[in-house]
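Chemist: I would like to see how this sequence folds:
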Amino acid sequence: MIALVRARLLRPSVAAAWLFTIFASTTPATGSQPIADVNDDDDFPPIDLPGPRRGERTPKENVPPTHVTITEPFYTWDRALGDLFGVRKSLEDMGISIDAALIYDSSSAWVGGLHSRSTSRALLDVGATIDFDKMFDIAGGTFFIDFQGQNGRDSTAEVGDIQGFSNIDAPNRAQLNEIWYEQWFLGDLFRVKVGKLDANGEFAYVDHGGEFINSSMGFSPTIFTLPTYPDPAFSVNVFAYPTDWLYVGFGVYDGSGAQGVATGQRGVRTFFSHNAGELFLIGEVGVVYDLFDHLPGRVAFGAWGHTADFTRFDGGTEDGTTGFYLLADQAIWRENPDNDEDEQGLSAFLQAGWADGAVSEIDTHIGGGATWTGLIPGRDDDILGLGATWVSLSDEPGAGFTKNSELTFEWFYRLQLTPALAIKPDLQWIVDPGGDASVNDAVVGTLRVEFVF
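Modeler: You can find the predicted model right below:
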């Protein structure tokens, strides 16, 4: 795994890759299936329930459970390795699903920023899911384990933005990323998940923001202590679904990551090996609905807190910190509303967040965007996205900002070449990168390649 992640892929220029994208878009992809960004996990057991659904944080679980045989053309396979001569299907019949994906980014600041040189990064993700209903006859039980390897140059150091224009940017590492068990109780009323996991897979996610590359599109950056990629943490999460339109969730996480502990690299030793007072607490209540019986939507409110001591920008100490967030996901128009499997149409999301500017660099966030799936005739699985995210920066003198905000506009077009391969040209215009008056506004181009095997 490590060797694959660290292997240097061919680095075409971003401009040349965009020309290839335009040429390739004239060839329709047959039976293609979108691959999610790293902002997404879909770890729910196969129970059709209203309520929160995982944001698309990784591509591994967005592959349909169909299987191809060696007699079908490889470019129609849902995974590049196909069905492995029946091995994959045999495992899934037993209740074991194994999926893997590789995401590669090549980026450069075309205008402004700190440096104009190109950067690249790669993320390898391999996960296995065990359905306890199939394997052990335990209804509603699911076990999941996931390994990740990341390699690449720190892109923020090249551009200088504070929000993070690439959501797979991270310190170079290989780690046991997640390992957890989930159990449903009383049918579809309660769900409990225990283990090491990414908190953004359960809280503060926006489904329709998952295809964007900028990190702030996945969750509000005001939740600066959230145990998420690349540092998930051990936790206990409880969700209740009292009606078919209401859900309530609460999670307790190891909060030592806010004190500089790389919980992602510590396997399952992330909760008991640190000060028990360093806890991250988060709760969310949401309403799900279906406008006109074919336009699903969701609105949610969440609050979070951290119990550790934080150094204030004025030099003092603050005993814990809190914040809250709002979000909305909405399908606006569907091309084929009578077909639940057809995702073609227009969708949008909005999110906002607040934190204490005495200890948090970002005290306010407002963002949103829209995606259109199947805009071009014959390209039913391609996705066009437009969005913007704005953050207000702490005005405390000790915070060191010379500008009071950062604003980013993002555009992308995801081209599904085959069900297992997609490329995504992405363009971001960053105004006042990092709140630093000495850094010019930046225009950053990225080509993302997503490969499921």
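Chemist: what about the strands in the stretch 1-150 of the chain?
Modeler: 96-111, 118-131, 141-152 (DSSP state E, counting those that start in this stretch).
Chemist: same thing with the stretch 151-300 of the chain?
Modeler: With DSSP E, counting those that start in this stretch as the criterion, the stretch 151-300 of the chain has strands spanning 173-185, 190-197, 233-240, 246-254, 279-291, 295-311.
Chemist: which one, of those strands, ends up nearest to Thr225?
Modeler: Comparison of the strands of the stretch 151-300 of the chain against Thr225 by CB to CB identifies strand 295-311 as nearest, at 4.7 Å. C-beta: built from backbone N, CA, C; applies to glycine.
Chemist: give me the mean pLDDT for the closest one.
Modeler: Taken as a whole, strand 295-311 has an average pLDDT of 96.
Chemist: got it, and stretch 444-453?
Modeler: On average, stretch 444-453 scores 96.
Chemist: and for stretch 215-222?
Modeler: Computed over stretch 215-222, the average pLDDT equals 96.
Chemist: related to what we said a few turns ago, now distance to Ala442 and mean neighbour count too, for the strands of the stretch 151-300 of the chain, in CSV please.
Modeler: Formatted as CSV, these follow (distance: least, CB to CB, whole Å; neighbours: other CB atoms under 10 Å):
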stretch, distance to Ala442, mean neighbour count
strand 173-185, 27, 19
strand 190-197, 34, 20
strand 233-240, 32, 20
strand 246-254, 33, 20
strand 279-291, 32, 18
strand 295-311, 30, 18
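Chemist: mind putting those strands into JSON lines with distance to Ser394?
Modeler: Output for the strands of the stretch 151-300 of the chain, formatted as JSON lines (distance: least, CB to CB, whole Å):
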{"stretch": "strand 173-185", "distance to Ser394": "29"}
{"stretch": "strand 190-197", "distance to Ser394": "30"}
{"stretch": "strand 233-240", "distance to Ser394": "25"}
{"stretch": "strand 246-254", "distance to Ser394": "24"}
{"stretch": "strand 279-291", "distance to Ser394": "20"}
{"stretch": "strand 295-311", "distance to Ser394": "12"}
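Chemist: returning to that earlier point: nearest to Thr418, of the strands of the stretch 1-150 of the chain?
Modeler: Thr418 lies closest to strand 96-111 among these, at 13.8 Å (CB to CB).
Chemist: the closest one: which residues count as buried?
Modeler: 96-97, 99-109 (16 or more other CB atoms under 10 Å).
Chemist: how about stretch 254-264?
Modeler: Going by 16+ other CB under 10 Å, stretch 254-264 has these buried residues: 254-258, 261, 263-264.
Chemist: ok, stretch 78-97 next?
Modeler: 78-80, 82-83, 88-89, 92, 95-97.
Chemist: can you give me the end-to-end span of it?
Modeler: The first and last residues of stretch 78-97 sit 14 Å apart, counting by CA to CA, to the nearest Å.
Chemist: can you check stretch 157-176 too?
Modeler: 26 Å.
Chemist: same deal with stretch 129-137?
Modeler: Start-to-end, stretch 129-137 (CA to CA) is 15 Å.
Chemist: any idea how far it is from the chain center?
Modeler: Centre-to-centre, stretch 129-137 and its host chain are 26 Å apart (CA atoms, centre = their mean, to the nearest Å).
Chemist: again, but for stretch 328-347
Modeler: That offset, for stretch 328-347, works out to 21 Å (CA atoms, centre = their mean).
Chemist: ends of it, how far apart?
Modeler: End residues of stretch 328-347 are separated by 11 Å (CA to CA).
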